[in-house]
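# I'd like to go over a predicted model; first the sequence, then the structure.
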Amino acid sequence: MNIFFISAECYPMAKVGGLADVVGALPKYLNKYDANVSVVIPKYDMPWFEEKNMAIVYQDTIHFAFEEVHFKVLQCLSKDIGYTFYAIDIPGKFDRRGVYADENGHFFEDETERLISFQRAFLQWINHFGQKPDIIHCHDHHTGLIPFMMQYAYEFEGLKNIPTVFSIHNERYQGAFSWDKRYLLPDYDDEKGGLLDWGEMINPLASAVKCSWKLNTVSPSYMKELQEQSFGLEWLFQHEKEKSQGILNGIDTKVWDPKNDDFLITKLVKSPSLFKSKNKMHLIKKYGLKRGKALISYIGRFAYEKGADLLPNAIQDYLNKSEDAVFIILGTGDPEVEKAFKNLNKKYPRQVAALVTYNEKVSHEIYAGSDFLIMPSRVEPCGLNQMYAMRYGTIPIVRDIGGLKDSVTAIKDKKGTGIKFKEATNEDILKALDTAVMLYLEKNTFEKIRLDIFKQDFSWEQSAQKYLNIYHELTQQD
Ligand code: ADP
């Protein structure tokens, strides 16, 4: 079964968040079975591409109303990726350092033009195949116009019968744009124009929800939540319930392997306690933090849905009343939040490290060396950080929603995998911090839980089977 994943991100080529991790890992697991997955992303001006040997397999021109855009499809010749990897080179649109934003964090203003050129280039390419793919699997709004164009654009008539799957990794970003830009789309059956529309805008995410053959979110709880609250699309999600499913993400257990992680100063050999204490000491020394305290960390984007803006106050309030914890924050995003963390570090240099940067290696060091990882998310489609944390013996402190609800069980009577709290409020976060520090001080229980979470299995195996079931159902193969 030939499946094409199409996405704006893929790890390790171009990563902003969890979308890249999923697109870079799931194909490896699917390819162990009867699937043959190829991944397609835009070619960015990023270091990974400089080191790789890529061959041109197709070139063509997209005829926009006011512009001719030439593109090349490149295939990576390395054999060690675990799937066939293609990058579409579209000069002028994607030959930039960032995926969505420049180095100063400013989002690109021509996002709509870029993404439509990527999607049209992909369709023009596969339209030329003698043997068409069996499934097209689109990820997030960046590729959300593909199911519509395959069904109703005259140019892509030949792709009409290929089933499409649409995965929502984050519904908050919908990619909506004005109908004034309709000229960017190829000619299509006018009667079907309503399938592009939501709220009098062309909305790629809503269009994919309507037009894809099968829809999924990256956790079962998030699917339910979207039916109740989804930035105006609630009714649509209720309406499309029959073709929808929630499938919890897994993690790439080879990339995230404490026994074999070259980013770490100390790998997991025999003793989990030694692994934790050495990696913790490395962090404490590196960032000049006080010793002998519970180390609580945060890793992630400083975006509203992640609730990172709630942490500076909560940490400040905690440190006003107790000296039992130290904190490491790794992330970038909202400038106000970045400033608040930096100020906290100035005020409490030995209790708060504020690393306002994106750094893959440091993230691995933090997962390995922390006692706890906090995720006060307002919305969390799946969340991978809690799974990486557990894999490295770090106890998650999470809000009980979305994928966090589905992947963490509350600690009670020395059992469970994490500390959970109800609301994204200062009060609930403070209570959760207190609970974490109390647990840390009960050394035996703390060690027991830590040993238990090391043994959790978050590999893709189970979830990959669920995707395979979808593909089989759509192609009616057994
Ligand atoms: P989202 O995709 O919404 O940002 P996820 O939890 O699904 O959230 O995935 C986040 C991924 O991005 C994880 O792999 C996490 O380790 C990584 N990450 C986020 N911020 C940083 C950062 N500043 N440095 C390194 N890795 C980061």
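Looks like it arrived, so ask away.
# tell me the contacts of the closest residue to the ligand within the chain?
The ligand sits closest to Gly18 of the chain, with a gap of 2.1 Å, by C-beta to the nearest ligand atom. C-betas here are computed from N, CA, C, even on glycine. For Gly18, the contacting residues are His169, Val218, Asn249, Pro381, Cys382, Gly383, Leu384, by C-beta atoms under 8 Å, 6 or more residues apart in numbering.
# Roughly how far does it sit from Ser219?
11 Å (C-beta to C-beta, to the nearest Å).
# Mutual contacts of these two, please.
Between them, Gly18 and Ser219 share the contacting residues Asn249, Pro381, Cys382, judged by C-beta under 8 Å, 6+ apart.
# what helix or strand is the residue lying closest to the last one once chain neighbours are set aside on?
When you say that, I think you mean Cys382. In space, and not counting its chain neighbours, Cys382 is closest to Gly403: 3.3 Å by C-beta to C-beta, 6 or more residues apart in numbering. In the assignment (DSSP states H and E), Gly403 maps to helix 402-407.
# tell me which residues in that helix are buried?
Gly402, Gly403, Leu404, Lys405, Asp406, Ser407 (16 or more other C-beta atoms under 10 Å).
# want to throw the residues you listed into JSON lines with distance to Ser459?
As requested, the buried residues of helix 402-407 are exported to JSON lines (distance: C-beta to C-beta, whole Å):
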{"residue": "Gly402", "distance to Ser459": "20"}
{"residue": "Gly403", "distance to Ser459": "16"}
{"residue": "Leu404", "distance to Ser459": "19"}
{"residue": "Lys405", "distance to Ser459": "20"}
{"residue": "Asp406", "distance to Ser459": "16"}
{"residue": "Ser407", "distance to Ser459": "13"}
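# For burial, what's the neighbour tally of Ser277?
Residues lying near Ser277 (other C-beta atoms under 10 Å) number 13.
# Just the pLDDT for it.
Per-residue pLDDT puts Ser277 at 97.
# ok but Ala8 is inside a helix, no?
No. Counting by DSSP: H, G, I helix; E, B strand; the rest coil, Ala8 falls outside a helix, being coil.
# Isn't it up against Gly144?
No. Ala8 lies out of contact with Gly144 (C-beta atoms under 8 Å); the separation is 10.8 Å.
# which of these two has more neighbours?
Gly144 (27 against 24).
# Hmm, that one is touching Ser207, no?
Yes. Using C-beta under 8 Å, Gly144 is in contact with Ser207, at 5.8 Å.
# Tell me which stretches of the stretch 351-478 of the chain form strands.
Along the stretch 351-478 of the chain, counting by DSSP state E, counting those that start in this stretch, strands occupy 352-355, 372-375, 395-399, 419-421.
# Can I get these in a markdown table including mean pLDDT and distance to His282?
Output for the strands of the stretch 351-478 of the chain, formatted as a markdown table (pLDDT from 0 to 100; distance: least, C-beta to C-beta, whole Å):
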| stretch | mean pLDDT | distance to His282 |
| --- | --- | --- |
| strand 352-355 | 98 | 13 |
| strand 372-375 | 98 | 16 |
| strand 395-399 | 98 | 19 |
| strand 419-421 | 98 | 24 |
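# could those go into JSON lines alongside distance to Lys412?
Converted to JSON lines, those look like this (distance: least, C-beta to C-beta, whole Å):
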{"stretch": "strand 352-355", "distance to Lys412": "30"}
{"stretch": "strand 372-375", "distance to Lys412": "17"}
{"stretch": "strand 395-399", "distance to Lys412": "14"}
{"stretch": "strand 419-421", "distance to Lys412": "10"}
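# Any chance of JSON lines for those, columns distance to the ligand and mean neighbour count?
Conversion of these to JSON lines gives the following (distance: least, C-beta to the nearest ligand atom, whole Å; neighbours: other C-beta atoms under 10 Å):
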{"stretch": "strand 352-355", "distance to the ligand": "7", "mean neighbour count": "23"}
{"stretch": "strand 372-375", "distance to the ligand": "8", "mean neighbour count": "27"}
{"stretch": "strand 395-399", "distance to the ligand": "11", "mean neighbour count": "27"}
{"stretch": "strand 419-421", "distance to the ligand": "17", "mean neighbour count": "22"}
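# coming back round to it: check the shared contacts of Gly18 and Ser219 one by one and keep those near the ligand.
Near the ligand, judged by C-beta under 6 Å from any ligand atom, the entries from the shared contacts of Gly18 and Ser219 are Cys382.
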